[in-house]
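In: predicted model and sequence follow; I will ask about them next.
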Amino acid sequence: MGMNSKAVNSGGKKRAKLSKVAVLTSGGDAPGMNACIRAVTRGAMDRGAKVVGIKRGYSGIFTKNFVELDSRAVANTIQRGGTILESSRCDDFMTPEGREKAILILEEEGIEGIAVIGGNGSYQGAAAIAKESRLRVVGIPGTIDNDIYGTDYTVGFDTAVNTALEAIDRIRDTADAFARVFFIEVMGRKSGFIALEVGIAGGAEEILIPELKIDPESLAMTLKKSFDRGKRSSIVVIAEGNETGHTIQIAQYVQYRLNLDCRVCVLGHLQRGGTPSARDRVLGSRLSTAAVEGLFNGKSGHAAGEKGGQIVFTPLREASEQKKTLDNLSLESMRVLAL
Ligand code: F6P
């Protein structure tokens with residue numbers, strides 16, 4: 001594994017050995033999270049540590065919702081969607097008072113290290129624990145959104161994209177039968193990674209993403225051109241957080257402006273569930289194996305990621321604050337391939 005093994009100085013508070021580590025999943029669940037939990041558990045056990053699963057994300061710390069994890073507890077989970085540890089978005093953990101209470105509970109429980117699997121919000125919490133306690137903390141990027149800085153891909157993205165793509169392929173059949181325009185909304189409140197990937201793979205005529213503002217009139221004109229050129233049907237992929245507007249309103253605008261038969265399909269949480277793809281299982285296993293190795297080598301306050309096939313570690317604070325940008329070639333493909 002091409003891992004940077006340089007130990008990170010955690011403020012002179014580093015422990016020599018970890019005898020008990022915890023793992024939790026937080027924020028939007030993502031297919032492949034179970035592969036992460038499994039790899040963290042087995043990796044830590046391999047180093048002689050006890051493993052505690054914290055259920056329902058950071059909320060489970062306050063309610064002491066802890067389960068002992070061992071090799072058997074995580075068996076037969078790699079193929080399952082969702083997260084066996086369950087998840088939540090915990091407001092209490094976002095306050096210094098809340099964290100003080102939570103850190104005390106973790107310390108009383110004898111937990112010395114913690115692996116946090118989640119997205120940006122989860123990383124903010126993890127960065128704060130690393131700063132405010134003696135615990136060693138590592139992040140593993142688990143979110144379908146792929147919007148985490150410091151890694152090319154997040155665990156769950158590949159499965160979500162393939163799930164959405166399957167739906168789009170099916171919709172295209174009926175769109176073509178009726179010569180309709182379908183506006184398909186995919187997830188992504190703040191980023192267009194899913195929309196861009198799904199739009200390119202699904203041959204969408206237009207892709208609306210939060211990073212690029214397109215006004216409804218130019219969208220209508222793009223669609224008009226493609227119908228004028230003889231296209232029978234069109235697919236427009238819309239990220240939920242796009243800058244053009246609400247999906248239904250966009251569809252209505254096009255319907256009345258061009259007198260086309262328009263339909264809307266919101267894929268929603270469908271994209272979050274289901275069997276993780278091979279890619280997500282392997283990515284989750286690799287990143288978590290690296291994360292545990294880092295944790296036991298003294299790394300703290302960092303997130304594991306994969307860039308160009310190499311394992312890298314990025315400070316949690318930086319990973320949660322920096323904006324990951326869309327790939328320029330994908331943006332250019334989006335423009336050229338829709339012709
Ligand atoms: O962060 C993952 C995600 O699925 C986003 O794509 C989406 O905007 C959000 O979570 C939905 O959150 P909730 O499940 O809380 O409605």
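Out: Noted; the coordinates are in hand.

In: hang on, Arg279 in a helix?
Out: Yes: looking at Arg279 with DSSP: H, G, I helix; E, B strand; the rest coil, it is inside a helix.

In: how does this protein divide up, domain by domain?
Out: 5-156+276-321, 157-272 (automatic domain parsing).

In: does the first one reach the ligand?
Out: Going back to what we said before, that points to domain 5-156+276-321. Yes: contact of domain 5-156+276-321 with the ligand (Cβ under 6 Å from any ligand atom) involves 27-28, 119, 143-145. Placement of C-beta: from N, CA and C, glycine included.

In: what about the nearest residue to Ala160 once chain neighbours are set aside, neighbour count?
Out: Among residues not flanking Ala160 along the chain, Ile144 sits closest, at 3.7 Å (Cβ to Cβ, 6 or more residues apart in numbering). Residues lying near Ile144 (other Cβ atoms under 10 Å) number 30.

In: look up phi and psi at Ile144.
Out: Here the main-chain torsion angles of Ile144 (degrees, to the nearest 10) amount to phi -70, psi -20.

In: quick one, which of the domains of the chain is packed in tightest?
Out: Highest mean neighbour count of these: domain 5-156+276-321, a mean of 21 (counted as mean count of other Cβ atoms under 10 Å).

In: got the residues of the stretch 151-300 of the chain near the ligand?
Out: Close to the ligand, as judged by Cβ under 6 Å from any ligand atom, the stretch 151-300 of the chain has residues 187-189, 240, 272.

In: which residue does the stretch 101-250 of the chain have closest to the ligand?
Out: Met187 (3.3 Å; Cβ to the nearest ligand atom).

In: who's sitting farthest from the centroid in the chain?
Out: No residue in the chain sits farther from the centre than Asp228, which is 38.9 Å out by Cα atoms, centre = their mean.

In: next up, the contacts around the closest residue to Lys231 other than its chain neighbours.
Out: Ranked by Cβ to Cβ, 6+ apart and with sequence neighbours excluded, the top spatial neighbour of Lys231 is Glu205, at 7.4 Å. The contact partners of Glu205, by Cβ atoms under 8 Å, 6 or more residues apart in numbering, come to 222-223, 226, 231, 234-236, 338.

In: I figured Val237 was touching Ile200, is that so?
Out: No: assessed by Cβ atoms under 8 Å, Val237 is found out of contact with Ile200, at 9.1 Å.

In: can you list residues touching both of those two?
Out: Ile207.

In: can I get the helix or strand bottoming out on mean pLDDT in the chain in CSV? Just the C-alpha atoms.
Out: Least confident helix or strand of the chain, by mean pLDDT, DSSP states H and E, is helix 328-337 with a mean of 90. Output of helix 328-337 as CSV, limited to C-alpha atoms (Å, rounded to 0.1, in the frame of the first residue of the first chain):
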residue,chain,number,x,y,z
ASN,A,328,-12.6,20.0,-15.9
LEU,A,329,-12.6,17.2,-18.4
SER,A,330,-15.9,15.9,-17.1
LEU,A,331,-17.4,19.4,-17.4
GLU,A,332,-16.1,19.7,-21.0
SER,A,333,-17.6,16.2,-21.8
MET,A,334,-20.9,17.4,-20.4
ARG,A,335,-20.9,20.3,-22.9
VAL,A,336,-19.6,18.4,-26.0
LEU,A,337,-21.5,15.1,-25.6
